[in-house]
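Novice: Provide a 3D model corresponding to the input given below.
(chains A and B)
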Amino acid sequence: MTTQQLRPIVSVFPIKGKVKTIKQVPLPSVFSAPIRPDVVRFVHTNMAKNNRQAHAVSTTAGEQTSATSWGTGRAVARIPRVKGSGTGRSGQAAFGNMCRGGRMYAPKKVWRKWHRKINTNQKRYAVCSAIAATAVTPLVMSRGHRVNKLPELPLVVSDQLQSLTKTRQAVKFLKFIGAYRDVEKVIRTKKTRVGQGKYRNRRHVLRKGPMVVYARNLGIKKAFRNIPGVETASVYTLNLLKLAPGSQMGRFIIWTESAFKLLEDIYGSWEKPSKFKSGFYLPRPVMVNTDVERIIKSDQVQTVLRNRRPRSRKYGKKIQRADPYEDMSVMVKLNPYYKTKLQKQKELDEKNKKERKEIVDKSRKEYEDWLYFSEEEEEEEEEGSDEDREIEVLSDEN
Amino acid sequence: MSKQVPETIKKQKKRSFNSKEVKQEKNEKRTKLLKEIQEKAYKRAEKYEKEYLEQDQKLKELKQKALKEGSFYREPEPKLAFIIRIRGIVGVPPKPRKILQLLRLRRIYSGVFIRLNKSSLRMLHFIDPYVTWGYPDVETVRALIYKRGHARVNHQRKIIDSNEMIYDKLQKYDIVCMEDLVHEIFTVGKNFKHANSFLWAFKLKPPVGGFSTVKKSFVNKGEHGNREQYINTLVKKMI
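Specialist: You can find the predicted model right below:
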C-alpha cells in the first residue's frame, strides 16, 4: 500500500440550512502544482485560436476589370485604368490596393493556419496550474471575483448540488453560500458590446461569474444554465479557456464533493500517475522552497559557509599618505631605522669633516714649511758645484 | 526596549565569526604582528645599509688593486635597469607596442624596473626609440619606491602606506618591509619577479627642465635609449 502524503484538509459545505462544515476531505495534489502564468499564457493564446472560423476575402474581389495602364506621356499616374467610356468608371484606377475599388493588399485566404497544435503535456501543465490558482484567494480576487463572503476557498459543496433541477433552487444555493455577489456583479456589468460584433449577433458582453464543477450531471447543468455569468463543467473535461479566461488565472470555482475528490484520480500526484491521462504525473516545480532569503540565512547553510575574507575590506578605501621625504613620521613608519641612519650619517659627516680639516691643516703646514726651507736652499744653490752633474759631451770623434 | 528583533538577525549575531570576542582577538593578533614587522624592519634596514657600504668599498678596492697592477677591473654587468617610456601612444608599430605592454609601460612617463638578461636586452633593443633606460643606484630605487611606490592590491593601485601592506602580500618571499623591497629590487634577488610585480608601474612626472629631443638617441645628444648611470639624474628630475 502506498503511504498517503500529508495533505491539508478542506471543508465540505451543505447546499442549504446552515453554513457549516458537514465533512472534511483532503486537498487533491493538483492544488500544489506549480503556478506558471507563462505556461498558461502560452497555452491559452494558442488554444483560443482553435475555435476560429475561416474567413477570407473573395478571390475575384477587385480583379473583375480589364484595366490597363495608359503608360507614360499622358500626365497621369501609371496605375492600370479601366477601359472604355460612357461611364464614370472609365479611366478610373483599378487593381491596386491603393485604388478605390481595387483588390486589397495580400488578399486573405481560407488556407491561413487558423488552429494551433499544442503539446499535450503543455496543455495538461497549464490546466494543472490553472486549477491550483483557483485555490489561491489573492489570485481569484485579483481576477475580479467577489469572494469576500465565502466560507472557504476552494469552495467544496455536497453532492446534492448535482441533483438540483430548478434555476430557482440554484440561485437560492448561490445566495446561501455567498457566491451570489459574483453573479450580481455580472448582472450589473452587462453591456452592449463595443465594436461591430453588436450587429453580428454578439450584442452583449458579460463578465465571468462562478464556475460550478460537477462529477455527474443529474440536472445541475440545466439548473445553472440560465444564471448570467455562471458556467458549469464536468470535472473530466475542464477547459483552460474557462479555468483561466483571457489567460488570467484564478477563476472562482464551486466544486461538488465527488468532483473535488476525482481531481486526485484525474490529475494524479507526483508519486502516482493519473488514472485517466496515461503516463501523466503532476508537473514538478523548478524550486520547491522559493523563500531564498530564508534558505541562505538558515543555520544549515550559514554554519557551512567559509568566513568572509577580511582582505577585501581592508584595502577598500582610498589611502592617502604624505611624501616620506617631506614628512618624517611617514618615513619612520615605513623605515623605522631611518632616524638612526640619519644620526649615523651625521656622525660620519662630522668625523669626515674633522679628518678633512686635519689633513688640510697638515698639508698647509707642510706647504708653509717647504716655503720657508726653500728660501734658504736657494741661497746655497748659487754656490753649488758642477761636479755631480753628468753631462754627455758630444765630441767630434762620434 | 521591547523591540521585536527578527529571528534571523538574532541567529546571525550568535554565530561566532561576527561576535565581539572574535573581533577583539583578531585586533590583538594584528597589533602584535605589526610590532613584530616594525622590529624586523629596523634590523633588516640596518643590515642592508652595511651591505651596501661594503659593496661600494669592495668595488673601490678591486679597482684600486687593478690600477696598481697596471690592469683593469671589469665590473660585473648590471643586473637591474629602470626604464622610462618617453613617447606617447600614438603611432607606435605593433611589435614595440606589444613589448611596451608586456613591460607595463602603457603610458608616457611610466617607469618600471627590469632584470637585465639576454632576453630582456633584446626586448629593450626593439623599444629603444620609445624609452630611455639605465642602471639605477640605491638612492634612486629608494626614492622611487618610497615616494612613488604603489602596490597592486586586490587588482587595485594603492599607495604603500605601511609595512603591513608589504607583509600581507610578500611575506612568503621573506619580504616584510620597505627596505626589504628596495633590497630585493636593487640586488635582483631570488624573488625579484614577485617584488617587482607587487609594484604597480611608476607614474612619473615630465622632467623638470625638459628633454632635448626624444627623436634622437642619448648617444647622439638626444634622449632615448640606454643612458647607463645618467638615468639617476633623470629620475631625480621626474620623480
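Novice: Enumerate the residues of chain B near chain A.
Specialist: Listed as neighbours of chain A in chain B under the rule C-beta under 8 Å from any C-beta of the partner chain: B:8, B:11-12, B:15, B:17, B:26, B:38-39, B:41-42, B:45-46, B:49, B:143, B:146-147, B:153-154, B:156, B:158-163, B:165, B:168, B:177-179. Glycine gets a C-beta too; all of them are placed from N, C-alpha and C.
Novice: quick one: which of these sit in strands?
Specialist: Applying DSSP state E to the residues of chain B next to chain A, the entries found in strands are B:153, B:156, B:158-159.
Novice: which among these end up buried?
Specialist: Buried subset of these (neighbour count, 16 or more other C-beta atoms under 10 Å in any protein chain shown): B:153, B:158.
Novice: want to throw the ones in strands among the residues of chain B next to chain A into JSON lines with pLDDT?
Specialist: Formatted as JSON lines, these follow (pLDDT from 0 to 100):
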{"residue": "B:Val153", "pLDDT": "89"}
{"residue": "B:Gln156", "pLDDT": "89"}
{"residue": "B:Lys158", "pLDDT": "93"}
{"residue": "B:Ile159", "pLDDT": "94"}
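Novice: Identify each buried residue in stretch A:54-71, please.
Specialist: Within stretch A:54-71, the residues that qualify as buried are A:62, A:65, A:67, A:70, counting by 16+ other C-beta under 10 Å.
Novice: now stretch A:99-115
Specialist: A:99, A:102-103.
Novice: Nearest residue to the closest residue to chain A within chain B in space, please, no chain neighbours.
Specialist: Nearest residue of chain B to chain A: B:Ala45, at 3.4 Å (C-beta to the nearest C-beta). Nearest residue to B:Ala45, sequence neighbours excluded (C-beta to C-beta, 6 or more residues apart in numbering or on different chains): A:Tyr337, at 3.4 Å.
Novice: Just to check, the one you found is in contact with B:Glu179?
Specialist: Yes - if you go by C-beta atoms under 8 Å, A:Tyr337 and B:Glu179 touch, sitting 7.1 Å apart.
Novice: which bits of the stretch 201-350 of chain A sit near chain B?
Specialist: A:294, A:297, A:299, A:302-303, A:307-308, A:310-312, A:315, A:318-321, A:323-325, A:330-331, A:333-338, A:340-341.
Novice: Turn the buried ones among those into a named ChimeraX selection, would you?
Specialist: Buried residues within these, by 16+ other C-beta under 10 Å, are selected in ChimeraX with:
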select /A:297,324,330,331,333,334,335,336,337,338
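Novice: for chain A, where's the lowest mean pLDDT among helices and strands?
Specialist: Sorting the helices and strands of chain A by mean pLDDT, DSSP states H and E puts helix A:311-314 at the bottom, at a mean of 58.
Novice: try chain B
Specialist: Ranked by mean pLDDT, DSSP H and E, the weakest helix or strand in chain B is helix B:7-14, scoring a mean of 76.
Novice: give me the number of residues near whichever residue of the stretch 1-150 of chain A sits closest to chain B?
Specialist: When scored by C-beta to the nearest C-beta, the stretch 1-150 of chain A has A:Pro138 as its residue closest to chain B, at 23.9 Å. By other C-beta atoms under 10 Å in any protein chain shown, 9 other residues sit near A:Pro138.
Novice: Any chance you could list what contacts the one helix or strand it maps to?
Specialist: Element membership for A:Pro138, per DSSP states H and E: helix A:137-143. Contact with helix A:137-143 is made by A:35, A:133-134, A:147, A:153, A:248-252, as judged by C-beta atoms under 8 Å, 6 or more residues apart in numbering or on different chains.
Novice: and these, which two are the farthest apart?
Specialist: Distance extremes for those: the farthest pair is A:Ile35 and A:Val147 at 17.4 Å, using C-beta to C-beta.
Novice: follow-up on the earlier one: shared neighbours, A:Tyr337 and B:Glu179?
Specialist: With C-beta under 8 Å, 6+ apart, A:Tyr337 and B:Glu179 have common neighbours B:41, B:45.
Novice: Show me what the helix or strand A:Phe373 falls within is packed against.
Specialist: Using DSSP H and E, A:Phe373 sits in helix A:338-381. Judged by 3 or more C-beta pairs under 8 Å, 6 or more residues apart in numbering or on different chains; DSSP states H and E, the packing partners of helix A:338-381 are helix A:328-334, helix B:20-69.
Novice: 10 Å - rerun?
Specialist: For helix A:338-381, the helices and strands in contact under the criterion 3 or more C-beta pairs under 10 Å, 6 or more residues apart in numbering or on different chains; DSSP states H and E are helix A:328-334, helix B:20-69, helix B:178-186.
Novice: quick one, which of those is nearest to A:Arg168?
Specialist: helix B:20-69 (75.5 Å).
Novice: On the C-terminal side of that closest one, identify the next helix or strand.
Specialist: Beyond helix B:20-69 toward the C-terminal end (DSSP H and E), the next one is strand B:80-85.
Novice: quick one: strands adjacent to that next one?
Specialist: strand B:110-115 (antiparallel), strand B:131-134 (antiparallel) (DSSP bridges).
Novice: And the strands in the stretch 151-300 of chain A?
Specialist: Under the criterion DSSP state E, counting those that start in this stretch, the stretch 151-300 of chain A contains strands at A:155-157, A:191-192, A:204-205, A:211-214, A:231-234, A:253-256.
Novice: Reformat those into CSV and put mean neighbour count and mean pLDDT next to each item.
Specialist: Converted to CSV, these look like this (neighbours: other C-beta atoms under 10 Å in any protein chain shown; pLDDT from 0 to 100):
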stretch, mean neighbour count, mean pLDDT
strand A:155-157, 25, 97
strand A:191-192, 10, 97
strand A:204-205, 12, 97
strand A:211-214, 26, 98
strand A:231-234, 18, 97
strand A:253-256, 26, 98
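Novice: mind checking which of the ones you listed is nearest B:Glu139?
Specialist: Judged by C-beta to C-beta, the one of the strands of the stretch 151-300 of chain A that comes nearest to B:Glu139 is strand A:253-256, at 89.5 Å.
Novice: Quick check: can you name the pairing partners of the closest one and their directions?
Specialist: Partners of strand A:253-256 in the sheet, by DSSP bridges, are strand A:155-157 (parallel), strand A:211-214 (parallel).
Novice: Tabulate these in CSV, adding columns for distance to A:Gln92.
Specialist: Below are these laid out as CSV (distance: least, C-beta to C-beta, whole Å):
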stretch, distance to A:Gln92
strand A:155-157, 66
strand A:211-214, 56
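Novice: and A:Thr120, what is it in contact with?
Specialist: A:Thr120 makes contacts with A:277, A:280, as judged by C-beta atoms under 10 Å, 6 or more residues apart in numbering or on different chains.
Novice: got it, and A:Ile253?
Specialist: Shown in contact with A:Ile253 (C-beta under 10 Å, 6+ apart): A:130-131, A:134-135, A:140, A:145, A:153-156, A:210-213, A:231, A:233, A:238, A:242-243, A:259-260.
Novice: And for B:Gln64?
Specialist: Neighbour list for B:Gln64: B:Tyr73 [criterion: C-beta under 10 Å, 6+ apart].
Novice: Please determine how far it is located from A:His55.
Specialist: Per C-beta to C-beta, to the nearest Å, B:Gln64 is found 113 Å from A:His55.
Novice: so A:Leu334 makes contact with B:Tyr42?
Specialist: No - A:Leu334 is beyond contact range of B:Tyr42, at 11.6 Å (criterion: C-beta atoms under 10 Å).
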